[in-house]
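>>> Pasted the sequence and its predicted model underneath.
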Amino acid sequence: MKRRMINSLLGVVLVVVVVFCVPLAWVEKKTIADAAQDKTEATAVRVLALVENRLANHEPVNPGSFDSQATEGTYIEVRIPGQSVVSAGVRPDGKSVLQAVEHGGNNETVTVVQSREDVDHEIANMLLLLGAVALLAVQAAVALAVWQAKRLARPLTDLAETAERLGSGDPRPRDRRYGVPELDRVAEVLDVSAERIARMLTAERRLAADASHQLRTPLTALSMRLEEITALAEDPETVKEEATIALQQVERLTDVVQRLLTTQRDPRSPTAVAFELDEVIKQQVEEWGPTLREKGRVLSLEGLHGVIAVGTPGTVAQVLATLIENSLMHGAGTITLRVRPSGTSVVVEVQDQGAGVPPELGNRVFERAVSGRNSTGIGLAVARDLAEADGGRLELLSLRPPVFALFLGRSHED
């Protein structure tokens, strides 16, 4: 590209030089020659005037009469009827001369011959000057073309590196502008693409992290159910009951996956319906029963019953499961699940008897990668996102004892 730009600009300059210098050289050459011819004719007129003046005064005409007009390279010849030819100077050699002839009233003739050597020398100097100017113009054009080519090629190289960097997985925008509107537009589009790719990569990583975290609990519960089925293989009724619960957990697992994908694609997608809150709470009691017994913990239910809430049962179950799991991992003692009204909403509180949330954390426990213990710091952040996407709200009401509250809409049918 650099070579093309240099050749293009150099070609334009050469055309301009030829179009400008050739006519100028011709005009200057003609001007110099015409000026020399005019000078020769003027000399002939002056000599004729001197000759006529001497003839009028009846004085003799000799070379001394007009010798002052015969400068170097000039030959003057005067012819008067009845007299011999009078001349001054040396006649120039060669055919390339300037000549002027003037006739007087008494039939006298004055001939002036001028050498073209000075004229040719002046024309040569003029042509040399024009050649030097043209050469300087071409050199300046080459220098300008090289500078302009580098100026344009450097941003293009930089943009190519940026595009290659985006393709290699480095989506950081560079925010570089080059003062050329077209190149700045390309750079702006690449920066916007880099930001979009960065958001997509962040969303993909976030989805992977959320999925791995949120699927862990259902898979653990499902695994425990299958172990119980294996242990109770001799009791068909119990096996059937446990298998039914396991199938429900599989359905819940599928719902979790679908909900995570839906939230990532469109966090505002409306899926809320009216549902019985007791059914979701009962599901949590059944699913967490084996784990609670194994840990020596108790899940206590308090508050309202028969409440019709508005939301997505799978999402509410997932949020409650996250809160119960959080209490199992970081809390102690009895876990209390409390349902109470709050204006037009219904609140599900999860409380335990542990040390609570450190004061320096506060509501930062809902931020990603923030944890008061050795955990991923993802669970509560995902739970809040799920709750908000479902039209609810997840808050930390108390640090000690720790009380997490899930606010849900309440159906008018309740």
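That came in fine, so what should we check first? Numbering: from 1, shown residues only.

>>> The residue nearest the centre of the chain is in what secondary structure piece?
Closest to where the C-alpha atoms of the chain average out (Cα atoms, centre = their mean) is Ala187, at 2.1 Å. According to DSSP states H and E, Ala187 maps onto helix 181-231.

>>> so for that helix, what's the average pLDDT?
Across helix 181-231, pLDDT averages out at 70.

>>> I'd like to know how many residues surround Ser168.
Residues lying near Ser168 (other Cβ atoms under 10 Å) number 8. C-betas here are computed from N, CA, C, even on glycine.

>>> With Ile335 instead?
Around Ile335 there are 22 residues (other Cβ under 10 Å).

>>> same deal with Val186?
Using other Cβ under 10 Å: Val186 sits among 17 other residues.

>>> How about it, nearest residue that isn't a chain neighbour?
Spatial nearest neighbour of Val186, excluding adjacent residues (Cβ to Cβ, 6 or more residues apart in numbering): Leu159 at 5.7 Å.

>>> again with Glu28
In space, Glu28 is closest to Met126, 5.0 Å off (Cβ to Cβ, 6+ apart).

>>> Work out for me the element that neighbour sits within.
Assigned by DSSP H and E, Met126 falls in helix 117-167.

>>> Quick one: distance of that helix to the chain centre.
30 Å (Cα atoms, centre = their mean, to the nearest Å).

>>> again, but for stretch 73-90
For stretch 73-90 - counting by Cα atoms, centre = their mean - the centre lies 86 Å from the chain centre.

>>> Please identify the buried residues of it?
Gly73, Thr74, Tyr75, Ile76, Glu77, Val78, Arg79, Ile80, Val86, Ser87, Ala88, Gly89 (16 or more other Cβ atoms under 10 Å).

>>> Most widely separated two among the residues you listed?
Spatially, the most separated pair among the buried residues of stretch 73-90 is Gly73 and Ile80, at 24.8 Å (Cβ to Cβ).

>>> so the residue nearest to Glu28 touches Lys29, yeah?
Yes: in this structure Met126 lies within contact range of Lys29 using Cβ atoms under 8 Å: 7.1 Å.

>>> what about Gly379, distance to Gln318?
10 Å (Cβ to Cβ, to the nearest Å).

>>> no no, Glu227
Taking Cβ to Cβ, one finds Glu227 at 23 Å from Gln318.

>>> what's the answer for Ala141, then?
From Ala141 to Gln318 the distance is 72 Å (Cβ to Cβ).

>>> Contact partners for the spatially closest residue to Glu108 that is not a sequence neighbour?
Distance criterion Cβ to Cβ, 6+ apart; nearest residue to Glu108, sequence neighbours excluded, is Ile80 at 4.8 Å. Going by Cβ atoms under 8 Å, 6 or more residues apart in numbering, Ile80 touches Val51, Leu55, Val61, Val86, Asn106, Asn107, Glu108.

>>> From Val357, how far off is the residue nearest to Glu28?
Distance from Met126 to Val357, by Cβ to Cβ: 95 Å.

>>> Same check on Ala198?
On the measure of Cβ to Cβ, Ala198 and Val357 end up 32 Å apart.

>>> more crowded one of those two?
Using other Cβ under 10 Å as the criterion, Ala198 and Val357 rank with Val357 on top: 22 against 15.

>>> tell me the pLDDT at the residue nearest to that one when sequence neighbours are not counted?
Of all residues not flanking Val357 in the chain, Leu399 sits nearest, at 4.6 Å (Cβ to Cβ, 6+ apart). Looking at Leu399, its pLDDT is 90.

>>> where exactly do the helices run in the stretch 301-414 of the chain?
313-330, 379-389 (DSSP state H, counting those that start in this stretch).

>>> how about those in TSV, adding mean neighbour count, mean pLDDT and distance to Ala145?
Listed next are the helices of the stretch 301-414 of the chain as TSV, based on neighbours: other Cβ atoms under 10 Å; pLDDT from 0 to 100; distance: least, Cβ to Cβ, whole Å:
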stretch	mean neighbour count	mean pLDDT	distance to Ala145
helix 313-330	22	88	66
helix 379-389	22	84	58
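
>>> what's the closest of those helices to Lys39?
Per Cβ to Cβ, nearest to Lys39 of these: helix 379-389, 99.5 Å.

>>> hmm, back to that, which strands and helices lie in contact with the helix holding Met126?
Contact analysis of helix 117-167 by 3 or more Cβ pairs under 8 Å, 6 or more residues apart in numbering; DSSP states H and E lists helix 2-56, helix 181-231 as its packing neighbours.

>>> can I get these in a markdown table with distance to Ala137?
A markdown table is the format used below for the helices and strands packed on helix 117-167 (distance: least, Cβ to Cβ, whole Å):
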| stretch | distance to Ala137 |
| --- | --- |
| helix 2-56 | 6 |
| helix 181-231 | 28 |
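
>>> Please tell me how far Asn7 sits from Ala145.
8 Å.

>>> Can you report how many residues lie near the nearest residue to His305 once chain neighbours are set aside?
Distance criterion Cβ to Cβ, 6+ apart; nearest residue to His305, sequence neighbours excluded, is Asp278 at 5.9 Å. Neighbour count for Asp278, taken as other Cβ under 10 Å: 16.

>>> For stretch 304-314, what is the distance to the chain centroid?
50 Å.

>>> Break this protein down into its domains, please.
2-139, 207-410 (automatic domain parsing).

>>> Please put the alpha-carbon coordinates of the host helix or strand of Glu286 into CSV.
Glu286 belongs to helix 277-295 when assigned by DSSP H and E. Extracted in CSV, the C-alpha atoms of helix 277-295 (Å, rounded to 0.1, in the frame of the first residue of the first chain):
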residue,chain,number,x,y,z
LEU,A,277,-45.8,-20.9,48.5
ASP,A,278,-46.4,-23.8,50.9
GLU,A,279,-45.6,-26.3,48.1
VAL,A,280,-42.2,-24.7,47.4
ILE,A,281,-41.4,-24.7,51.1
LYS,A,282,-42.5,-28.3,51.5
GLN,A,283,-40.3,-29.2,48.6
GLN,A,284,-37.3,-27.6,50.3
VAL,A,285,-38.0,-29.5,53.6
GLU,A,286,-38.1,-32.8,51.7
GLU,A,287,-35.0,-32.2,49.7
TRP,A,288,-32.9,-30.8,52.5
GLY,A,289,-34.1,-33.4,55.1
PRO,A,290,-31.3,-35.9,54.6
THR,A,291,-28.6,-33.3,54.6
LEU,A,292,-30.0,-31.7,57.7
ARG,A,293,-30.2,-35.0,59.5
GLU,A,294,-26.7,-35.8,58.5
LYS,A,295,-25.4,-32.4,59.8
